[in-house]
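Student: coords below, sequence missing:
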């Protein structure tokens, strides 16, 4: 709505008398989203960012999610529902059996976009980081990206990572998922040319402080070409990786 | 050195008896960098990441910098020296007059790569954030990117940002530089399609805690398509933005 | 008791021999509250601040709450009980059926003051912030304020907020409730004239650190006219907003 | 610019053919601020919030400030320049002798608005908190408010505060400025009816952590009717207090 | 064992040939405590500090506690067991019916010392702080102190505190227990002459950060004569208050 | 003023018509302190707490201190001025030559009270902690206490502490001053019977975080009978130790 | 794989035509670990570090652990599975009855290496620290070390520690396990000659902040010869202690 | 003094009447250190830990250092003075010309012990980390260890590290010195067999928070065999490395 073209078009229509100021004002206010009382669906984002509609499932009840999901599906738009545990997912699936549940990733998906030419490599440090890595993978695929996965290749045994390098090097973007000390992002960024999106995870104990240690490590990465998203935010990593891959 | 092709090539040369194992081992160890005793120049990075050689100037003395810089220039490679205050810059320039000093950005540069087709928009919230934004701009240009600058467009007067949107929207990547509450990254990411690299700055007082407030804001950004680099790290933002723009 | 008028009045009564010093001392000590052993009800606050009596329900058992509530109601004073979950509320309602339970807000109320002329706008960023927003709304209404609600208008899709601006602009005070990065307060304060009371919420994950990120964002807000209350403190926001609205 | 009335007016002018869409777009983008390259003056804020134009002096050089100040003064608008130390102030005054320097407050002012009917009480805990309290006072007066000052009345000798209560109680808003443990805000809010804006200061040592202790104290204040601004932010307190006083 | 007298006595016995060096060494090592394998009871502390033996109940299983408690009781020493929830207490009482359980304080006690002449006042801010205050009271009494209790007298309604002052002023030590903003310690210390031991509690929400806010408030207390113990540490406050009272 | 006796006396005088209510109110407000505009001297504290008047010198200018000091001295009250560096001290001494400057402690003193019977032992861990220990010693002596000093007896060589134990054991209160890991308080409290006031210092580097490490150590002390004051707060330790010694 | 010898050997085999480059590349990539899809077993670490294979049990399901464990056992390698609660252990033991479960340590072990000549002393402060101490003991023994245990010898009663000193002094490495204030490491390091590995535990409450207090204490230890591992990381302490003992 | 042998010997002398109890007590107290009033030299530590006497130079004045140093040298003991800047060093050298100043390490040394058979490798990540690495090297050599240095081999160009591996692998202990993200410790520990002592440095900016990021990284290191010392504590790393090397 706020791109110059759209605004110019709206203003011109008014100037030509094709719509009234009242109508223009109404469009400006009402069009871009749909209010459900407790939520406002941003149908415009699909156009603006090229993403499916996304529902953040945590803290929403199953029936709230079903109401929003039906609205989205009725417009034939692809849909992602993140942070849905298995019990809640079963309740939703009983109403919306066409959704697909990805258990490790805790994501429900509906529809996907055709895969883009480029490819996103998803690299994770330990077995315990896999759920976050899978959230990234499922979301990236739903946004129309091809992905390759390289799990359990942490820096404590660096030969495991080197064995995966040939494939990782072919990606246009690399997502690195790591908890504990989070050093994997630095090492990967030192070895590949592609931009690296680093995802700290809350995996660890003691002085990992819920992912803070890995977060600080990644922010202080001395290898160039790394940027960081929030702790455990596989979805966020997929978003920016997808924008980069499809730029 | 660690790309599969390079390794394969080296191994084949050995297999064909064209170089001895001793020689191979030596190459593997010695080639990619040049030791100056107190520093090891990573000549290989230029090839690996497509960046100029970069010297982090803070904490290094002027004569140390001159020694490293001469080595790099003698190989006709482009060069960036960051975090150089005016006094230190004058000392270096008296020895290396071909360098160019960017006072606001506190950067010395030598040579550049030809500008790439895409374009990076650099958006900053307040006047005090300009030094970090300028570090990003100078570095991005030296890495071969075209840039546009949009300074002092913070969210307290959002109409100032909207006026710049048409130009910002044409960029392939947007770098958002903001201190204090750092909310600009969220708003920009909600309005443009391109990936956003957010740079928190240490501008602010009291509970900004040296940039921590802006950093947390940007990491928790609820608009999709944002990743974050370290506080005041304009150079780091330029690196990943350049990789994205040239991908 | 400590307003100059009250003290002067008490002292004059003593000087005129109308009450004895012993009695005066007793009044000074005993009058303004009523001791229940485990709690002292501050009946005087109703007069002093213009609020209903408020019981903070968290950590109190249902029967403790019932004892205090009966004392208050017996004096025909309005009453608010905050942070009461549904199970505890049912126990209390079985004893005090005249109370009204607001499930989303987790508040029990009894009686209200007549609505004041001015109006408080309550704006929240996401669906998950609604419980805190509702606590603010219910409390503000019980204190005699008219309210309007504008939920799920976060900055990631700023057009949703702009559509609500005409109504929000008519309020004498605006309460902004936001978790995650909490940027909404800055944007609202940049667009409206009324004072903004910002409520950070603990909604978010990872580096939101239980609401710390939103709190810091709001404290560092560069738009003028914003002050902040504690994380998730919808009640506290209602208090100060009510005082402002009724000033 | 974003009030509904203004937008409606603009749209109607277009609909009536009184201005062209091109012109409308230009106005929307260009009118509300004036670009000086390194800064964009938000002339519209004066109208929008009822404040003078404000320049945050810290980190800006004297000549930058002079350029911006001249622009503002040429439009006959009142002006505040905050965080200006004595040396920088002298440089500016040599160019702009009509400005007035408030040494304790570190503020330069030009012009004021006529005093409003209500009154703001500024209460501070210790002698060392006076500079922040003075910043609040000078700014509040420049915004057209009457003020009363009550300094060095911290809770360690509560009788000092009680002596000031009669005057404090007459204010429509109270600003409480306190460092160290910051308990003064709680005590004042328990005694007066008006809303309290609390300003933590960085005064203290050891575990005051630059004002963090006072900030947390004030955020956790159990007396109703308190909201908090950033550490040492006397200006911010004046802004919201002024909006409340003039609502 | 390490008082000079005891050491001198041991050394003299050796010098006089009344015990052998082997025996002396053994006494030095073995006497002062009794090893149960998983715990070493410090029987000597009763003599050294004048306290009953204390078992910290949290994290210990009921049967471990019973084993230790029987050892202590068999020597006819008084005993305190802290942090024992009701379920665990019932299990222990079924084995040791002579113990007495204080439910609010979560303490089991056995035996007490005769009350000392002085008196400890225990003052708490809110109803939710009572469990910590009760832990202090029960422990102080078991250590042979008389106590007076003054609960729910927080600073938000300071007249409640003033009513209790006459009694509080007669104590030789005052223990102040407060969560949220913890300002009560400052106010009490400003009004009484006795030393104040401040106990921050974890009562509060949001930016109280589990008692950190109250802890910092108390450490930064500007009223003289206050020292602080750990968050929720009613037992620790009783220990030092008892030493002061009995000094 | 707020002791029951004083209030009762005042009220009786009014009841007997010996002073008018107007006068009573005036006394209640005006008597207990003396206003200098920028400071209010609390003459009443001397009576209330038994301390000399204390001026916190940090952040006050020499001439401000001289004005306050003259007022205090003119009433023949003892005086302490803390945190005064050598240069500022010389300026003050040139006006007030009767003051005495304690260089290590950074304290100016005037007059003392006669020494009390009990004795305070001041124990410090390292040479660098001595300034804080000296601030405690000078202040404690000015408050009328005898002191013994035991410096550089940190736990890394515990035999140094044991050698001092006989003297330390004779004190009625022990002040332990320690930076770095602050473990000395735990060890001392395990060996002596007297209450221990622990003062963390900012001595240390790296993860001592300006005294935070020592502060946390002391708060978590598992030996009973320890309470803590603010980092580097030798004066605060002297205050509470003096109250304990003189109780 | 990356020791110089191994690489040289591989390269020589290629030079001699004994293996092809393709084969060499394959070996380099595939040999050192075994991929199970969700985990990559690093068989090479046994050789590289002299440790058994270790599975971190937390967050892995029992059947995942069984799959990995069977692979390891089939190669007749010793195995440690850490952080296994009793319920999960029973499930695993029903499939792999040859494993041995250490309940206090929460460790499953299979096979051990013959004990080395040196000896590791494990010293813990309180009863609640025993689980971490036991994790260290079980792991150290499985790695082929003799151990002695000295539990509940915290600094609050330092004579308990002195009684154990003769045995502790004979160790080649000392592991000190302590929560709360963690002062034990400083005291032990001041008394013994061997290097001390300090393990902070999360035992404590309030301002222990989950082990942070003990961690900072140990990092700031002023006694020489101490290094620290992560909070509660008994396994990590055993690893480095074993490497030291067997060096 | 506290080794069992020494204590037994002392006790036996008393039992045999060869020294009196008075004398024994005196020895126990007085022998092990020498008091200079402001410092107590622990001559016994040399014997106990095998270290030279060490003076921590920061915060001590040059003449204080000279006094202590002369005492130590007069006993012909080796000596280390750490954290001495160049100016202070020159003052000390003018009095004690036999000392040797190591400028990069900021250390003064006198005498050394003969080199031990084993070898310590010191590995540092960046040029800016060299001062800390040099402090470790100089101290380790003074304690009688051979050292090898491997500087500027950070993980951003991992081939630089691999080239140094053959030499590093021959060490009995490896000290890894790294700031910024501190990932080097993890990578080195994954490649070598020796125990790794990790030293985080305060090198970095923004979210490195003075070395906190590197510290947390190293504590959370997932490669086994790493323990950590305080930020910038090269001396501390040398101490424990020396004890390990000489065990």
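Tutor: All right, it came through fine. Worth saying up front: this structure is predicted, and the values here are computed from it rather than measured.

Student: okay, now the domains of chain A?
Tutor: Domain ranges of chain A: A:4-110, A:119-245, per automatic domain parsing.

Student: show me where chain A has helices.
Tutor: Secondary structure of chain A (DSSP state H): helices at A:4-15, A:21-30, A:43-49, A:62-74, A:86-95, A:130-142, A:158-168, A:184-191, A:212-219, A:234-245.

Student: find the nearest non-adjacent residue to whichever residue of chain A sits closest to chain E, please.
Tutor: Nearest residue of chain A to chain E: residue A:209, at 13.4 Å (CB to the nearest CB). C-beta here means a position set from N, CA and C on the backbone, and glycine is covered the same way. Once flanking residues are discounted, residue A:209 sits nearest to residue H:216: 7.3 Å by CB to CB, 6 or more residues apart in numbering or on different chains.

Student: distance of that neighbour from residue G:239?
Tutor: 19 Å (CB to CB, to the nearest Å).

Student: and the spatially most central residue of chain A, what pLDDT?
Tutor: Residue closest to the mean C-alpha point of chain A, counted by CA atoms, centre = their mean, is residue A:235 at 3.0 Å. Looking at residue A:235, its pLDDT is 96.

Student: closest approach to chain G from chain A, which residue is it?
Tutor: Closest approach between chain A and chain G, counting by CB to the nearest CB: residue A:206, at 2.8 Å.

Student: with adjacent residues omitted, what lies nearest to that residue?
Tutor: residue G:231 (2.8 Å).

Student: surely the one you found is in contact with residue G:204?
Tutor: No - Residue G:231 lies out of contact with residue G:204 (CB atoms under 8 Å); the separation is 10.8 Å.

Student: need the overlap of contacts for those two.
Tutor: Contact criterion CB atoms under 8 Å, 6 or more residues apart in numbering or on different chains; residues shared by residue G:231 and residue G:204: G:211, G:214.

Student: okay, the two: which has more neighbours?
Tutor: Higher neighbour count among residue G:231 and residue G:204: residue G:204, with 28 against 25, using other CB atoms under 10 Å in any protein chain shown.

Student: relative to chain C, how far out is the nearest residue to residue A:140 once chain neighbours are set aside?
Tutor: Among residues not flanking residue A:140 along the chain, residue A:238 sits closest, at 4.1 Å (CB to CB, 6+ apart). Counting by CB to the nearest CB, to the nearest Å, the gap from residue A:238 to chain C is 15 Å.

Student: any figure for the gap between residue A:238 and chain D?
Tutor: To chain D, residue A:238 is 33 Å away according to CB to the nearest CB.

Student: that residue: neighbouring residues, count only.
Tutor: So residue A:238, with other CB under 10 Å, has 33 neighbours.

Student: one more: the one 5 residues further on?
Tutor: One way to gauge burial is a neighbour count; for residue A:243, by other CB under 10 Å, it gives 27.

Student: tell me the confidence at it?
Tutor: At residue A:243, pLDDT is 94.

Student: leaving out sequence neighbours, find the closest residue to it.
Tutor: residue B:195 (4.2 Å).

Student: which ones are touching the one you found?
Tutor: Contacts of residue B:195 by CB under 8 Å, 6+ apart are A:240, A:243, A:244, A:247, B:173, B:174, B:225, B:226, B:227, B:244.

Student: ditto for residue A:150
Tutor: By CB under 8 Å, 6+ apart, the contact list for residue A:150 reads A:121, A:122, A:123, A:124, A:161, A:164, A:167, A:168.

Student: gap between stretch A:153-168 and the chain center?
Tutor: 25 Å (CA atoms, centre = their mean, to the nearest Å).

Student: from residue A:181, how far out is the residue lying closest to residue A:200 once chain neighbours are set aside?
Tutor: The shortest distance from residue A:200 to any non-neighbouring residue, by CB to CB, 6+ apart, is to residue A:214 (3.6 Å). Distance, residue A:214 to residue A:181, by CB to CB: 7 Å.
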